[in-house]
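Asks: Next come a sequence and a model predicted from it.
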Amino acid sequence: MKSRAFRLPEALRSLFRSVPAVVRRDYVSSTAIHWLTLASGLLLFHLVARRAGPAGFAYYQVARSVVATLQPFALLGLVPALHRYLPRAGDGARMLARQSFLTQLVLMDLIGLLGLVLADDLGRLLGIPGGATSVRAVIILLAGNCLCVVAVAALRGCGQVTAANLAWLLGLGILPVVAFALTDRMEVFLALQGLAMIIIAVAGIAVARTPPSQQTRPPSFRTVVTFGLRRAPGDIALPALFSFPTFYAAAAAGPGDPDAGYVGFVTSAITLICSLFGMLTPVLLPRLSGAFHTTGVGAELGRGLKTLPVVAAALTTPVTGLLFLAAPTIVHNFLGLDFTEAIDALRLGLPAAIPFAVFYAARPTLDALADSPIVSRLLLGCLALQIVGTLALGTLLSPSTAALAGLTIGAVALGAASYLALLHTIPAPKLSRRMG
């Protein structure tokens, strides 16, 4: 009998052989683009910190957290729905993509009008400094993000990975840096980002084309929307897991306190660590959905998919350890000597990256195989656990410490529950040897 030490590499080799070359190529290119986009975001952190100082940095983090929190509410679950159903839609894919985009556009118009009317009240509620002007800028940024994300999801669902990657890099990577260079005013900087992303989104949906498909009857738009709405609570809960700590720290510490910026920096670092596995869903879900719908999942591939979360944890652990040791160097060189207090926050929050990586590695398979919204239920339950834990710890600890400890509690629960759900779900499909 072979020892356990050799089982993981063998499972990885089996998984690698089961994945077609085109899928591997799409994953590598998509991950590279995602990293470039994250690098752009980190550069903006650095630039904003240098230009605006701790208080301005906290404002920027709060604005980003507002967008990250509100965006899933506005998207109506369209992203996973487009990933799942456009590969099955055949000649109806282009029409479904445009119907989804127009629906998103109308919804953003309504949100924009509401924001104009309630700007002052929303600013106080969400903790955005700067009054109505800043709130309007954040709403424009939200609209740009939502439309760009829907357009990219449509392109991926249609099999146009290169076009999707280009739209993502331009809208969320290059143009925000250009916007920063064009103005010294924070609200103008945020608004310019949103307007640029709207332009990219319109161009992206215009070039969406019909993907290859063996389906003769495309799903209806109602089917797409219904699927998305059932998943929307999970899409809302996932970014809330990351943004709630920043909001909690901002509200508990008071306006202008730098703790909110430190907590936001930590959650961004966790996102960067998990980015390798976060890109599995947009790349794998469209292909897994089409293949599982017709042939099921092969036994060999099933074993590999069960191994993937274990690999995610194994790869994330040493990276987290290195960043933990290098925290002083990272903070001082990246943010500056005035941000020394962020070192302890970074070290406290980094371990949460390991269970988050497990979740990201399990998610595409769960979304592709399960008709019921398993992932949404897990995310909602773990978000509730995080909130309760944070509020309880807040009575004993400082706001930033309680926020990051609560994040870790939710992450550990999410990683464990998603892996158990994966083990339960994979044996169900019919067996086959190809993903498609």
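Replies: Yes, it's here. All figures in this text were calculated on a predicted structure; none of them were measured in a lab. Residues are numbered from 1 along each chain as shown.

Asks: Could you point out the helix or strand that follows the helix ranked longest in the chain?
Replies: Looking across the chain with DSSP state H, the single longest helix is helix 21-75. For helix 21-75, the following helix or strand on the C-terminal side (DSSP states H and E) is helix 78-85.

Asks: mean confidence for that following helix?
Replies: Across helix 78-85, pLDDT averages out at 88.

Asks: got a list of contacts for that helix?
Replies: Contact with helix 78-85 is made by 96-97, 100, 103-104, 149-150, 153-154, 156-157, 219, 223-225, 227-228, 231, 235, 281-282, 285-286, 289, 367-368, as judged by C-beta atoms under 8 Å, 6 or more residues apart in numbering. Any C-beta I mention is one placed from the backbone N, CA and C, and that applies to glycine too.

Asks: In contact with the closest residue to residue 338 other than its chain neighbours: list those residues for me.
Replies: Nearest residue to residue 338, sequence neighbours excluded (C-beta to C-beta, 6 or more residues apart in numbering): residue 54, at 6.3 Å. Contacts for residue 54 (C-beta under 8 Å, 6+ apart) come out as 258, 261, 338-339.

Asks: what about this structure, any weak spots by pLDDT?
Replies: Low-confidence segments of the chain (pLDDT under 70): 1-20, 55, 119-131, 212-216, 253-257, 290-301, 427-436.

Asks: Next, count neighbours for residue 337.
Replies: By the measure other C-beta atoms under 10 Å, the count of residues near residue 337 is 8.

Asks: Please tell me how far it sits from residue 262.
Replies: Residue 337 sits 14 Å away from residue 262, going by C-beta to C-beta, to the nearest Å.

Asks: got it, and residue 82?
Replies: Distance, residue 82 to residue 262, using C-beta to C-beta: 36 Å.

Asks: More neighbours: which of the two?
Replies: Higher neighbour count among residue 82 and residue 262: residue 82, with 32 against 29, using other C-beta under 10 Å.

Asks: before we move on, the earlier item: of the contacts of helix 78-85, which belong to helices?
Replies: 96-97, 100, 103-104, 149-150, 153-154, 156-157, 223-225, 227-228, 231, 235, 281-282, 285-286, 289, 367-368.

Asks: Give me the buried entries from those.
Replies: Neighbour counting with 16 or more other C-beta atoms under 10 Å marks 96-97, 100, 103-104, 149-150, 153-154, 156-157, 223-225, 227-228, 231, 235, 281-282, 285-286, 289, 367-368 as buried within the ones in helices among the contacts of helix 78-85.

Asks: Could you check how far residue 249 is from residue 422?
Replies: Note on residue 249: its distance to residue 422, by C-beta to C-beta, is 33 Å.

Asks: Between those two, tell me which one has more neighbours.
Replies: residue 249 (31 against 24).

Asks: now for the helix or strand containing residue 275, which elements pack on it?
Replies: Secondary structure from DSSP H and E places residue 275 in helix 259-278. Where contact means 3 or more C-beta pairs under 8 Å, 6 or more residues apart in numbering; DSSP states H and E, helix 259-278 is packed against helix 21-75, helix 221-253, helix 299-325, helix 342-349, helix 353-369, helix 399-425.

Asks: Let me know which of those helices is tucked in deepest.
Replies: helix 353-369 (a mean of 26; mean count of other C-beta atoms under 10 Å).

Asks: which helices and strands does it pack with?
Replies: helix 78-85, helix 259-278, helix 280-294, helix 299-325, helix 374-394, helix 399-425.

Asks: Apart from its neighbours in sequence, what residue is nearest residue 353?
Replies: Closest residue to residue 353 apart from its sequence neighbours, by C-beta to C-beta, 6+ apart: residue 273 at 4.1 Å.

Asks: Residue 396 and residue 390, how far apart?
Replies: Here residue 396 is placed at a distance of 11 Å from residue 390 (C-beta to C-beta).

Asks: Next, show the common contact partners of these two.
Replies: Shared contacts of residue 396 and residue 390, defined by C-beta under 8 Å, 6+ apart, comprise residue 402.

Asks: Those two: who's more crowded?
Replies: Using other C-beta under 10 Å, the more surrounded residue of residue 396 and residue 390 is residue 390, with 24 against 9.

Asks: I'd say that one and residue 247 touch.
Replies: No: using C-beta atoms under 8 Å, residue 390 is not in contact with residue 247; the gap is 10.3 Å.

Asks: start to end distance for stretch 161-178?
Replies: Distance between the two ends of stretch 161-178: 24 Å, counting by C-alpha to C-alpha, to the nearest Å.

Asks: Quick check: buried residues in stretch 154-168?
Replies: Here stretch 154-168 shows 154-161, 163-168 as buried, counting by 16+ other C-beta under 10 Å.

Asks: measure it end to end?
Replies: By C-alpha to C-alpha, the extent of stretch 154-168 from end to end equals 12 Å.

Asks: Which residues does that stretch contact?
Replies: Stretch 154-168 has contacts (C-beta under 8 Å, 6+ apart) with 26, 29-30, 33-34, 37, 82-87, 89, 93-94, 97, 100-101, 148, 151-153, 200-201, 203-205, 207-212, 282-283, 286.
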